[in-house]
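> Test case, fold it:
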Amino acid sequence: MARPTGRKPRRIEPQAAPHRRRWVLLAVLAVLAIATTVGGFLYYATAPFGHAGGAVRVSVDPGSGLKSISRQLARKGVIVVPWAFTVLGRARGLGESLQAGVYEVTPEMTPNGLLDRMVRGEALHDEIKFIEGWTFRQMRAALDAHPGLRHDTRDLSEREVLKRIGAAETRAEGWFFPDTYRFSVGVSDVVVLRMAHARMRERLRANWENRAPGLPLNAPYDLLTLASIVEKETGAPEDRTLIAAVFMNRLRIGMRLQTDPTVIYGLGARFDGNLRRRDLETDTLYNTYTRGGLPPTPIALPGEAALAATAKPANSRALYFVARGDGSSHFSQTLKEHNRAVDRFQRR
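I've put the predicted structure just below:
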């Protein structure tokens, strides 16, 4: 029979359940996985793309999403895994903040840097210049030839172009302001046409409201039409207001304008660079030798100087002018004086 020892029996602690150890391990692994993923994305977001071949261009159309942009980047060799760029953009909450345009992606750029540029709208820009005195046909040719534009109006008729830009006019000639216009690369040519049309309407309105009193013009369109003739007839800037005055004086007394540029415009493609007497005698809607008053439409794009000179012509009684041969013109009040000037400057 065993004797008592006087010591309390030792308590045996139960061992941790195996499933608890598994949960701890899984939690540690989950934390490590999250940390690795976060670290990986942080590295991905801030590491240069490093693609070969130099800079590439990516187009962001209005309404296009991160998936579309990611696919473009992958297709052009900038990234390998498209979903990573998509997830990064969504994680930053930028899905609805990207601005349309064409963006240049260099090997040194990072995904975060590209997203930031798209949010700020730092797309590539280009420009196009419309020249004073161009016809609408010449302006359209410049639009169609520009590589930085999307050519949505190339096959449209004149009326369809006006309808597309929301213009109320039925004839396009003269209604686009000659200037330099900047635009995002890849934008529709409709955008440029709208800018030029709005600019012309604004400048025509301003000059009409500030016109000199007593001009023989009935509406802003008359000012636009006559300004286009002044634009085509002016060789030296200092003569512009005097040329406008000659045409105003003729309109006041019912004298025909008799200006070659309108005849040339009426000939259209038939004009071969040489204006002949028979051309001056052949009646067309634009022949101001055979018809009185203004032609039915402008004949070119008048610039600001031509609009201003027509709205405020010089105080002159001249009815005639002839080119001196150096770009400037000689002005006369009588036919006799004019004929002498013609003999002196052109028949010599």
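
> element containing Ile69?
Take DSSP states H and E as the rule and Ile69 turns out to sit in helix 66-75.

> quick one: that helix to chain centroid distance?
27 Å (CA atoms, centre = their mean, to the nearest Å).

> in the chain, what spans have low per-residue confidence?
1-21, 23-41, 348 (pLDDT under 70).

> For it, which segments count as helices?
18-46, 66-75, 82-91, 111-120, 136-145, 158-164, 189-209, 220-233, 240-253, 260-267, 277-281, 304-311, 335-345 (DSSP state H).

> Which among the ones you listed is found nearest to Leu294?
With CB to CB, the closest approach to Leu294 among the helices of the chain belongs to helix 220-233: 5.0 Å. C-beta: built from backbone N, CA, C; applies to glycine.

> same for the closest one, what does it pack against?
Applying 3 or more CB pairs under 8 Å, 6 or more residues apart in numbering; DSSP states H and E, one finds that helix 220-233 contacts helix 189-209, helix 240-253, helix 260-267, helix 304-311.

> Identify whichever of these lies nearest to Thr153.
helix 189-209 (5.3 Å).

> Alpha carbons of the closest one, as CSV, please.
C-alpha atoms of helix 189-209 as CSV (Å, rounded to 0.1, in the frame of the first residue of the first chain):
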residue,chain,number,x,y,z
ASP,A,189,-11.8,67.4,-87.4
VAL,A,190,-15.4,68.4,-86.4
VAL,A,191,-13.9,69.9,-83.2
VAL,A,192,-11.5,72.2,-85.2
LEU,A,193,-14.3,73.2,-87.6
ARG,A,194,-16.5,74.2,-84.7
MET,A,195,-13.8,76.3,-83.1
ALA,A,196,-13.1,78.1,-86.4
HIS,A,197,-16.8,78.7,-87.1
ALA,A,198,-17.5,80.0,-83.6
ARG,A,199,-14.5,82.3,-83.8
MET,A,200,-15.7,83.8,-87.1
ARG,A,201,-19.2,84.4,-85.8
GLU,A,202,-17.8,86.1,-82.8
ARG,A,203,-15.4,88.3,-84.8
LEU,A,204,-18.1,89.2,-87.4
ARG,A,205,-20.5,90.1,-84.7
ALA,A,206,-17.9,92.4,-83.0
ASN,A,207,-17.0,94.2,-86.2
TRP,A,208,-20.6,94.6,-87.3
GLU,A,209,-21.5,96.2,-84.0
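
> Just give the closest residue to the residue most central in space within the chain, not the sequence neighbours.
In the chain, the C-alpha nearest the mean C-alpha coordinate belongs to Val192, at 3.2 Å (CA atoms, centre = their mean). The shortest distance from Val192 to any non-neighbouring residue, by CB to CB, 6 or more residues apart in numbering, is to Tyr181 (5.3 Å).

> quick one, what contacts that neighbour?
The neighbours of Tyr181, taking CB atoms under 8 Å, 6 or more residues apart in numbering as the test, are 127-130, 192, 195-196.

> can we see that at 7 Å?
Applying CB atoms under 7 Å, 6 or more residues apart in numbering to Tyr181 gives the contacts 127-128, 192, 195-196.

> out of these, who has the most neighbours?
Val192 (25 neighbours; other CB atoms under 10 Å).

> tell me the contacts of it?
128, 143, 149, 181, 183.

> for Leu156, same thing?
Arg164.

> Compute the distance between it and Pro178, please.
Separation of Leu156 from Pro178 (CB to CB, to the nearest Å) stands at 21 Å.

> same question, Glu169
Distance from Glu169 to Pro178, by CB to CB: 17 Å.

> between the two, which one's more packed in?
Pro178 (21 against 16).

> re the thing from before, Serialize the contacts of Tyr181 to JSON lines and add fields for distance to Arg117.
Below are the contacts of Tyr181 laid out as JSON lines (distance: CB to CB, whole Å):
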{"residue": "Glu127", "distance to Arg117": "20"}
{"residue": "Ile128", "distance to Arg117": "23"}
{"residue": "Val192", "distance to Arg117": "23"}
{"residue": "Met195", "distance to Arg117": "24"}
{"residue": "Ala196", "distance to Arg117": "28"}
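
> farthest pair in the residues you listed?
Glu127 and Ala196 (12.4 Å).

> most tightly surrounded among the helices and strands packed on helix 220-233?
helix 304-311 (a mean of 23; mean count of other CB atoms under 10 Å).

> Can you check what angle separates it from helix 220-233?
120 degrees (axes from the mean of the first three to the mean of the last three CA atoms, to 10 degrees).

> How far does helix 304-311 sit from its chain's centre?
Using CA atoms, centre = their mean, the offset of helix 304-311 from its chain centre is 24 Å.

> Offset the numbering so it begins at 48, please.
Sounds good: first residue 48 from here, last item helix 351-358.

> Show residues contacting it.
With CB under 7 Å, 6+ apart, helix 351-358 has contacts from 179, 250-251, 254-255, 257-259, 270, 273-274, 277-278, 281, 284, 287-288, 291.

> re earlier: which stretch among the helices of the chain comes nearest Tyr336?
Nearest of those (CB to CB): helix 324-328, 4.9 Å.

> Counting by contacts, list what that closest one packs against.
helix 307-314 (3 or more CB pairs under 7 Å, 6 or more residues apart in numbering; DSSP states H and E).
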